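Enquirer: A structural model of the following input is requested.
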Amino acid sequence: MFDKEILEKTNNNVKIYHGDSFKLLKKIPDNSVNMIISSPPYCMGKEYESLTDDEKSFIDKHKIILPEVVRILKKGGSLCWQIGYHVKNSEIIPLDILVYNIIMEFNSNFSKNEKMKLRNRIIWTFGHGLHSKKRLSGRHEIILWFTKGDEYTFNLDDIRVPQKYPGKTHHKGEKKGKISGNPNGKNPSDVWRELVEDVWDIPNVKFNHPEKTAHPCQFPSAIPIRLVKALTNVGDIVMDPFMGSGTSAIASIITDRNFIGGELNSNYFEITKQRILDAINGKIKLREDKPVYQPTGREKVTKKPECFK
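Expert: Predicted structure coming up:
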């Protein structure tokens, strides 16, 4: 059984469960959730994972979890699964490929209009990552966006990024003089990265990030906020079976969606409870969605030390 906490917001119901994710999923009816978004444990040796976790255990666990995830997802719903890679003896195993293969394996169990289809393989890049002396530094992770069937919610206007030249016009042909793009913004593409003007600027959560909690692999709020806005409507149900520090819950609350989530770790569950209460009361600390600070070149830390010149 679960220890259940129900937190209410005006026109918004938030339910979080302290317990095993698989047991939680088993309790949720078929075709009842509009969106499932999560960043599951993926054998990186973090404190909340087993020391024996490897790609085999990753596959075994996902073969149990993913069919349940798809079962509860409504027709037309979206699944967003954020994942990285496993490093073994300096060799990397891309875990998103394993997830895709698992979903394709059981896809045959569904009718044609309920099959899971991969819409985007979103690449989230960031400026700080794992360092290595024998390979390039790993500074990206993957978000697999699947839909259940071909008819699905996609609110592009809610997530457009600014056009570099919103007043640009066609310079020849039948459309000469007419606006050549959408002045309200452009499609943000499937690469979300730092330090570029007109793409999504989402730094990972490090020690000086305003959203930082005790969780070692915290999801920045900008990612689920944009996904929730794009792939659901106000009042829809969002579910995260691996809540961690509750960032998906926060995204759901501030965008007026309903939320269901589960977390096994007691410490992280308590962190999530407090963050949800802060979000409901308008006290949650979030990083402003703005470009990462660019040094001017005059700062001392931008100068190469004398001993390296």
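
Enquirer: phi, psi of Pro162?
Expert: phi -60, psi 140 (degrees, to the nearest 10).

Enquirer: contacts only, for the closest residue in space to it that isn't next to it in sequence.
Expert: Computed as CB to CB, 6 or more residues apart in numbering, the closest residue to Pro162 that is not its neighbour in sequence is Gly185, at 5.5 Å. To be clear about C-beta, it is placed using only N, CA and C from the backbone, and glycine gets the same treatment. Counting by CB atoms under 8 Å, 6 or more residues apart in numbering, Gly185 makes contact with Arg160, Val161, Pro162, Gln163.

Enquirer: so which strand or helix has the residue lying closest to Glu151 once chain neighbours are set aside?
Expert: Closest residue in space to Glu151, ignoring its immediate chain neighbours: Gly76 at 5.1 Å, by CB to CB, 6+ apart. According to DSSP states H and E, Gly76 maps onto strand 73-83.

Enquirer: next structured bit after that strand?
Expert: strand 85-88.

Enquirer: what mean pLDDT does the next helix or strand after that following strand have?
Expert: Using DSSP H and E, the helix or strand that follows strand 85-88 towards the C-terminus is strand 91-94. Strand 91-94 shows a mean pLDDT of 85.

Enquirer: same question, stretch 159-177
Expert: Per-region confidence: stretch 159-177 scores 84 on mean pLDDT.

Enquirer: C-terminal to the lowest-mean-pLDDT helix or strand in the chain, which secondary structure element comes first?
Expert: Using mean pLDDT, DSSP states H and E, strand 3-9 stands out as the lowest-scoring helix or strand of the chain, at a mean of 62. Per DSSP H and E, the first helix or strand lying C-terminal to strand 3-9 is strand 12-18.

Enquirer: buried ones in that following strand?
Expert: Buried positions in strand 12-18, judged by neighbour count with 16 or more other CB atoms under 10 Å: Asn12, Val14, Lys15, Ile16, Tyr17, His18.

Enquirer: same question for stretch 249-268.
Expert: 249-255, 257-265, 268.

Enquirer: what does stretch 160-175 give?
Expert: By neighbour count with 16+ other CB under 10 Å, stretch 160-175 contains the buried residues Val161, Gln163.

Enquirer: starting at the chain centroid, how far to that stretch?
Expert: With CA atoms, centre = their mean, to the nearest Å as the basis, stretch 160-175 stands 31 Å off its chain's centre.

Enquirer: separation between Ile159 and Lys15?
Expert: According to CB to CB, to the nearest Å, Ile159 stands 26 Å off from Lys15.

Enquirer: just give me the neighbour total for the nearest residue to Ile72 once chain neighbours are set aside.
Expert: Spatial nearest neighbour of Ile72, excluding adjacent residues (CB to CB, 6+ apart): Ile28 at 4.6 Å. Using other CB atoms under 10 Å, Ile28 has 19 neighbouring residues.

Enquirer: again with Glu91
Expert: By other CB under 10 Å, neighbour count at Glu91 equals 9.
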